[in-house]
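> What follows is a predicted protein model with its sequence.
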Amino acid sequence: MTRADLGKQPDQVSAMFDRVAASYDRTNTVLSVGNAPLWRAATTRAVDPRPGQRILDVAAGTGTSSASLARSGASVVAADFSPGMIEVGRKRQAGVQNLVFVEADATKLPFGDDEFDAVTISFGLRNVNEPKTALAEFFRVTKPGGRLVICEFSTPPAPLVRTGYGLYQRYVMPPLVKLSSSNDTAYDYLNESINAWPDQRTLAGWIREAGYTDVAWRNLTLGVVALHRARKPLS
């Protein structure tokens, strides 16, 4: 079975996602206990896509979130470094207008400066081996005044919730993965990457370091997930 480790070497992570691409969306819905569509809807509202705008969805996977953004009439680029994910995404989203898929590394985006009205990434930043480099790239391709939206697993602020979530990860998630995923060992990495990821305040600091302003976050599902928002200054 193919899985990555916390070294997050791009070839390992890409190969892991290639392997799980076919069942990825189904597994996410199961593991999130049905919350994944709610998180996607909250992210779409935060991005606030509008007709005529150009939006970059990084680590887009099979394009489920990208399709939600494109239905607004905005032009959406779904970027991912997993060829397997892109292949599945192009098939599943074939009927969605204003949506194109591009193979791209989040740390070396193949786009010009100031190109997008909004840049968003959902549950992908923690899989990047150099997240601060990725944030700098997001800043580079965002238009002045443009938006950044990051939806990512985070740290529940309440100790009781943290304990309950830890028990879920340890005892409930493994059997669910075996039932719903084509590569259950890959999801061992999922838990490892979530537990190693910094909390909300730390990520907000990274976003500010990249140059964004108006940085804020909102906890979803009691802080299991956090939705970060920011803007690129006009000058």
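That came through fine.
> so where do the helices sit in this protein?
Assigned by DSSP state H, the chain shows helices spanning 10-20, 24-31, 36-47, 64-70, 83-92, 131-141, 159-167, 173-180, 186-196, 200-209.
> what sits against the residue nearest in space to the middle of the chain?
In the chain, the residue lying closest to the centroid (C-alpha atoms, centre = their mean) is residue 122, at 2.0 Å. Counting by C-beta atoms under 8 Å, 6 or more residues apart in numbering, residue 122 touches 39-40, 43, 57, 59, 65, 150-152. Any C-beta I mention is one placed from the backbone N, CA and C, and that applies to glycine too.
> Residue 73 now?
49-52, 98.
> Could you measure from it over to residue 99?
Applying C-beta to C-beta, to the nearest Å, the value for residue 73 to residue 99 is 11 Å.
> Tell me how far residue 207 lies from residue 194.
Using C-beta to C-beta, residue 207 is found at 19 Å from residue 194.
> Please say which of these two ends up with more neighbours.
Just comparing residue 207 and residue 194: by other C-beta atoms under 10 Å the higher neighbour count belongs to residue 207, 23 against 17.
> Can you verify my assumption that that one contacts residue 230?
Yes: using C-beta atoms under 8 Å, residue 207 is in contact with residue 230, at 5.1 Å.
> Off-centre distance for the biggest strand by length in the chain?
In the chain, assigned by DSSP state E, the strand with the most residues is strand 142-153. Counting by C-alpha atoms, centre = their mean, to the nearest Å, strand 142-153 is centred 12 Å from the centre of its parent chain.
> name the helices or strands packed onto it?
helix 36-47, strand 116-122, helix 200-209, strand 225-231 (3 or more C-beta pairs under 8 Å, 6 or more residues apart in numbering; DSSP states H and E).
> tell me the most buried of the ones you listed?
Highest mean neighbour count among the helices and strands packed on strand 142-153 (mean count of other C-beta atoms under 10 Å): strand 116-122, with a mean of 26.
> report the angle between the axes of that strand and strand 225-231?
160 degrees (axes from the mean of the first three to the mean of the last three C-alpha atoms, to 10 degrees).
> List the strands paired with strand 116-122, with their directions.
Strand pairing for strand 116-122, determined by DSSP bridges: strand 54-58 (parallel), strand 142-153 (parallel).
> Could you identify which of those is most buried?
Of all the strands paired with strand 116-122, strand 54-58 has the most neighbours on average by mean count of other C-beta under 10 Å, namely a mean of 26.
> neighbouring contacts of it?
Identification of contacts with strand 54-58 by C-beta under 8 Å, 6+ apart yields 47, 49, 63, 65-66, 69, 74-80, 104, 106, 109, 111, 115-122, 124, 134, 138, 141.
> if we go to 7 Å?
With C-beta atoms under 7 Å, 6 or more residues apart in numbering as the test, strand 54-58 has contacts from 47, 49, 65-66, 69, 74-79, 106, 115-121, 124, 141.
> Tell me the spacing between the closest residue in space to residue 214 that isn't next to it in sequence and residue 138.
Excluding the flanking residues, the one nearest residue 214 by C-beta to C-beta, 6 or more residues apart in numbering is residue 231, at 4.6 Å. As judged by C-beta to C-beta, residue 231 and residue 138 stand 12 Å apart.
> how about residue 76, what does it touch?
Contacts of residue 76 (C-beta under 7 Å, 6+ apart): 55, 57, 66, 69-70, 98-99.
> correction: residue 215
204, 207-208, 230.
> Please repeat the previous calculation with a cut-off of 10 Å.
Applying C-beta atoms under 10 Å, 6 or more residues apart in numbering to residue 215 gives the contacts 148, 203-208, 228-231.
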